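**Q** predicted structure and sequence below. I'll ask about it afterward.
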Amino acid sequence: MDNNFLPASDELIASVQNEIDPAPGGSGYGLAPIDHVVTVATPTELKIDIISTITFATGIDETTVKNNINQALQSYFGNLRKGWAVIDATIGRGYNVTVYRSQILAEILKINGVTNATLPTLNDQESDLKLQATNETSELPVLGTVTLND
């Protein structure tokens, strides 16, 4: 990932690949030992759209509150991405990231001017979203469209 915890650019991937195991792979010219072939890759973004119904406090500027909710959710997703590099103790490698609807609701309810909100849907699903982490796919949670109905 890059310094903002987003997928690395092609240039960064090539630079890291060249340091660890430059072509021809496994020849021992990089940091990797001889006969160890290393492939450098980056996780893919999984955009997560959120829909919730909000009850605003009386006399509050709804636009400001919605902007504050968006900022809070951006921060929440940033913290999820920071956890990508933490090794999952249950499988001994990789990571285990789940986007919980209840935690998103908690972030929304913390915002001044929100008196109530419904449990949000994630990508039109009424369930938590477990991101994939396999040898072929690693997903990185990114905030998509936030729809706040009132």
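**A** Arrived safely, thanks for sending.
**Q** doesn't residue 148 fall inside a strand?
**A** Yes - checked against DSSP: H, G, I helix; E, B strand; the rest coil, residue 148 lies within a strand.
**Q** measure stretch 26-42 end to end?
**A** 20 Å (Cα to Cα, to the nearest Å).
**Q** what's the answer for stretch 108-119, then?
**A** 10 Å.
**Q** how about residues contacting it?
**A** Here stretch 108-119 makes contact (Cβ atoms under 8 Å, 6 or more residues apart in numbering) with 52-57, 60-62, 64-65, 68-69, 72-73, 101-102, 105, 120, 126. For glycine as for every other residue, the C-beta is placed from the backbone atoms N, C-alpha and C.
**Q** from the residues you listed, which land in strands?
**A** Among the contacts of stretch 108-119, the ones falling in strands (DSSP state E) are 52-56.
**Q** in stretch 104-114, what's buried?
**A** 104-105, 107-108, 111, 113-114 (16 or more other Cβ atoms under 10 Å).
**Q** tell me where the chain has strands.
**A** So, for the chain - with DSSP E - the strands run 44-56, 98-99, 114-117, 121-122, 129-130, 139-149.
**Q** CSV for those, including mean pLDDT and distance to residue 84?
**A** Below are these laid out as CSV (pLDDT from 0 to 100; distance: least, Cβ to Cβ, whole Å):
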stretch, mean pLDDT, distance to residue 84
strand 44-56, 96, 12
strand 98-99, 92, 12
strand 114-117, 97, 27
strand 121-122, 98, 18
strand 129-130, 92, 14
strand 139-149, 94, 6
